[in-house]
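>>> Here is the input, now give the coordinates:
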Amino acid sequence: MSIASNLNTIKASLPEHVTLVAVSKTKPVSDLLQAYEAGQRIFGENKIQEMTEKWEQMPKDIQWHMIGHVQSNKVKFMAPFVSLIHGVDSLKLLQEINKQAVKNNRTIDCLLQIYIAEEESKFGLDENELNELLTSVEFKELKNIRILGLMGMATFTEDQNQIKKEFTHLKSIFDSIKDRKTENCNLSTISMGMSGDYQLAIECGSTMVRIGSSIFGGR
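Below is the predicted model:
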């Protein structure tokens, strides 16, 4: 199966309100160009250096999503071009993104990463930390970021019931805060679901799915 046909099959299965992020990490530019030629314009990378190199080589109408864990000291490299940062899990990181956005005369869109898995290794805010962040004075001062929604990663397990429980939990957190509109916060996006569980994620309310291996083949 070609990348183009994989992509078209997946796109045909997605409801209209769901955005597809093609996870292109570790894949060569030639693979990304095949997806681009098939109409894909949103690509997800998990390493800032790799994303920047691809950005330099690829057409400029692509939206680049940073889906990996972000180190504050690397934000400046992607600040000129990144479209959406998925894994924001602290006020400190938001402040750095805001600072770099100011330097580039931009407003940078972000998702707050919520910890929903039962594994200890996953990053993210819990519900209390999320509420503290959104109601803090420091957050309201950040004029060059926009929080568009929440992101979460389910536990890596075959247990569909557990995954469903975690996705449903993220949706309920989203619903509890979605009416809080401020200048830098307008919540519309729930990013959850990957190649193995995106259909379940959509059933649970996801509006953005991150799919890599089902498009580009295994790593």
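>>> longest helix of this structure?
Secondary structure of the chain per DSSP state H: the longest helix is helix 160-177.
>>> Just checking, which helix or strand succeeds that one along the chain?
Note on helix 160-177: by DSSP states H and E, the next helix or strand toward the C-terminus is strand 185-191.
>>> Run the angle between that following strand and helix 160-177 for me.
Strand 185-191 and helix 160-177 are oriented at 170 degrees to each other (axes from the mean of the first three to the mean of the last three C-alpha atoms, to 10 degrees).
>>> which element is the residue positioned nearest the centre of the chain on?
For the chain, the residue sitting closest to the mean C-alpha position, by C-alpha atoms, centre = their mean, is residue 86 at 3.2 Å. Element membership for residue 86 (DSSP H and E) is strand 84-88.
>>> CA atoms of stretch 198-216 as PDB?
Presented in PDB, the C-alpha positions along stretch 198-216 are these (Å, rounded to 0.1, in the frame of the first residue of the first chain):
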ATOM      1  CA  TYR A 198      -8.100   6.700  17.100                       C
ATOM      2  CA  GLN A 199     -11.600   5.300  16.300                       C
ATOM      3  CA  LEU A 200     -12.300   4.800  20.000                       C
ATOM      4  CA  ALA A 201     -10.900   8.200  20.700                       C
ATOM      5  CA  ILE A 202     -13.300   9.800  18.100                       C
ATOM      6  CA  GLU A 203     -16.200   7.900  19.700                       C
ATOM      7  CA  CYS A 204     -15.200   9.400  23.000                       C
ATOM      8  CA  GLY A 205     -15.100  13.000  21.600                       C
ATOM      9  CA  SER A 206     -11.700  13.500  20.100                       C
ATOM     10  CA  THR A 207     -11.500  16.300  17.400                       C
ATOM     11  CA  MET A 208      -7.800  15.700  16.500                       C
ATOM     12  CA  VAL A 209      -6.000  12.400  15.900                       C
ATOM     13  CA  ARG A 210      -2.300  11.700  15.600                       C
ATOM     14  CA  ILE A 211      -1.700   8.900  13.100                       C
ATOM     15  CA  GLY A 212       1.800   7.800  12.000                       C
ATOM     16  CA  SER A 213       2.400   4.100  11.300                       C
ATOM     17  CA  SER A 214      -1.000   3.600   9.600                       C
ATOM     18  CA  ILE A 215       0.000   6.200   7.000                       C
ATOM     19  CA  PHE A 216       3.800   5.800   6.700                       C
END
